[in-house]
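In: Sequence plus the predicted model coming up.
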Amino acid sequence: MTDKALGDMQKQIDETVRLQRKIQDETDRRDAAQQGGSQNDGAVQAGARPQPAPPYPEQHLQKPGLESELNPRPQFMAPDYKGSGKLQNKVAIVTGGDSGIGRAVAVLYAREGADVAIVYLNEHDDARETKRCVEAEGRRCLLIAGDVRDSSFCNRAVQQTVDAFGQLDILVNNAAFQEHASALEDITDEHFDMTIRTNLYGYFHMARAALPHMKAGSAIVNSGSETGLYGNEMLLDYAATKGAIHAFTKSLATNLASKGIRVNAVAPGPVWTPLNPADQPAEKVKTFGQATDMKRPAQPEEVSPAYVFLASPVCSSYITGIVLPVMGGVTGSA
């Protein structure tokens, strides 16, 4: 890439971050006078180790949100998960892989034998930590910074991955923008455009770029959401994109079935990642996830095994076009 192209890409990344923070600031001003919170009724622990539960410290992250600034730190290493070669010698791209669900997925993919390319916006320190964790599992990791709203960047990211690793077997579409609004009138064109182009165009661009390099046995796993199944009164635009992602998943699965390329989605409920603390007011973060049946949000390591299952041909070769709920209950709730 030429110096001019690199400079242009950096300008676009900087402009995207500026726009995200501008949208966030507008929402923060509307939230300034609001207060909230409730008492913890006793979180459910049903996993291999205890997970942090609300109340959490009040906190509000600046977009796009850094995992290194979250308190408590998200649990993503899944120390009790033992790899068994389910993705041996495969290559995966994970968008939004610097933190949260994406980071947890990257770690488990590496533990299952895959090399991983991490696509992210500008969270360089978080991305380097993900790379360190992937390499600690004995696999290679490539970091690619850029904006998935830009189709030319998505094309370059896929080509860089193929150039570095020689193949592409798995695409995880996971990058997202979320900013709440209490009324439809509060969602500006700029806000709506950011959400649609990041969450929907980004998935489309990455899938289109990846498909020429995929073959029978390859898989696409999209990050949907409970909001795409049930809606959310405060996330009108975000929920709309997640509903569209679910429909895109089912449609693309049917379109690609004859080629042996499977397409599925995971629909998480609330998960302790930078996404929501970079959206919700600090006082609401204190009780984030408390309304689920389990009285707490998931930790990333509780969601990532679903992405292994849907990516692995030895686990899910006869599964395509599903939206797998991982919501901490029957319907889930933030």
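Out: Yes, it's here.
In: Next, Ala92: secondary structure please.
Out: Ala92 carries the three-state label strand when classified by DSSP: H, G, I helix; E, B strand; the rest coil.
In: For it, which non-adjacent residue is closest in space?
Out: Among residues not flanking Ala92 along the chain, Ile170 sits closest, at 3.8 Å (C-beta to C-beta, 6 or more residues apart in numbering). Placement of C-beta: from N, CA and C, glycine included.
In: do Ala253 as well
Out: Once flanking residues are discounted, Ala253 sits nearest to Gly321: 3.4 Å by C-beta to C-beta, 6+ apart.
In: mind listing the strands for the stretch 101-250 of the chain?
Out: With DSSP state E, counting those that start in this stretch as the criterion, the stretch 101-250 of the chain has strands at 115-120, 141-145, 170-173, 219-223.
In: With mean neighbour count as new columns, can these be given to me in JSON lines?
Out: As requested, the strands of the stretch 101-250 of the chain are exported to JSON lines (neighbours: other C-beta atoms under 10 Å):
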{"stretch": "strand 115-120", "mean neighbour count": "28"}
{"stretch": "strand 141-145", "mean neighbour count": "19"}
{"stretch": "strand 170-173", "mean neighbour count": "29"}
{"stretch": "strand 219-223", "mean neighbour count": "27"}
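In: low-confidence ranges in this structure?
Out: In the predicted model of the chain, residues 33-41, 331-334 satisfy pLDDT under 70.
In: mind checking the longest helix of it?
Out: Criterion DSSP state H: the longest helix present in the chain is helix 3-31.
In: got a list of what the nearest residue to Glu67 once chain neighbours are set aside touches?
Out: Computed as C-beta to C-beta, 6+ apart, the closest residue to Glu67 that is not its neighbour in sequence is Ser99, at 3.7 Å. Contact partners of Ser99, counting by C-beta atoms under 8 Å, 6 or more residues apart in numbering, are 65-67, 74, 123, 126, 130, 273-274.
In: Repeat the analysis, applying 6 Å as the threshold.
Out: 67, 126, 274 (C-beta atoms under 6 Å, 6 or more residues apart in numbering).
In: Among these, name the buried ones.
Out: Neighbour-count burial (16 or more other C-beta atoms under 10 Å) applied to the contacts of Ser99 gives 67, 126, 274.
In: coming back round to it: please identify the helix or strand for the residue nearest to Ala253.
Out: Under the criterion DSSP states H and E, no helix or strand holds Gly321.
In: Assess the claim that it and Ser251 are in contact.
Out: No: taking contacts as C-beta atoms under 6 Å, Gly321 lies outside contact range of Ser251: 8.4 Å.
In: the more surrounded of these two?
Out: Gly321 (18 against 12; other C-beta atoms under 10 Å).
In: Phi and psi next, for the more buried one.
Out: Gly321 adopts backbone torsions of phi 80, psi 20, taken as degrees, to the nearest 10.
In: Please apply the same query to the one 5 residues further on.
Out: The phi/psi pair for Val326 (degrees, to the nearest 10) reads phi -130, psi 80.
In: Could you do Leu87 as well?
Out: The phi/psi pair for Leu87 (degrees, to the nearest 10) reads phi -130, psi 30.
In: Now for it, how many residues are close by?
Out: Residue neighbour count, defined by other C-beta under 10 Å, stands at 28 for Leu87.
In: Surely it touches Arg111?
Out: No: using C-beta under 6 Å, Leu87 and Arg111 do not qualify as a contacting pair, with a distance of 8.8 Å.
In: Do you have the helices of this structure handy? List them.
Out: For the chain, the helices defined by DSSP H cover 3-31, 100-111, 124-136, 151-165, 189-196, 202-210, 226-230, 236-256, 282-285, 300-311, 313-316.
In: quick one, which of these is nearest to His180?
Out: helix 3-31 (6.5 Å; C-beta to C-beta).
In: Compile the contacts of Ser99 into a markdown table and extend it with columns for distance to Arg30.
Out: Compiled in a markdown table, the contacts of Ser99 are given as follows (distance: C-beta to C-beta, whole Å):
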| residue | distance to Arg30 |
| --- | --- |
| Glu67 | 26 |
| Asp126 | 28 |
| Pro274 | 21 |
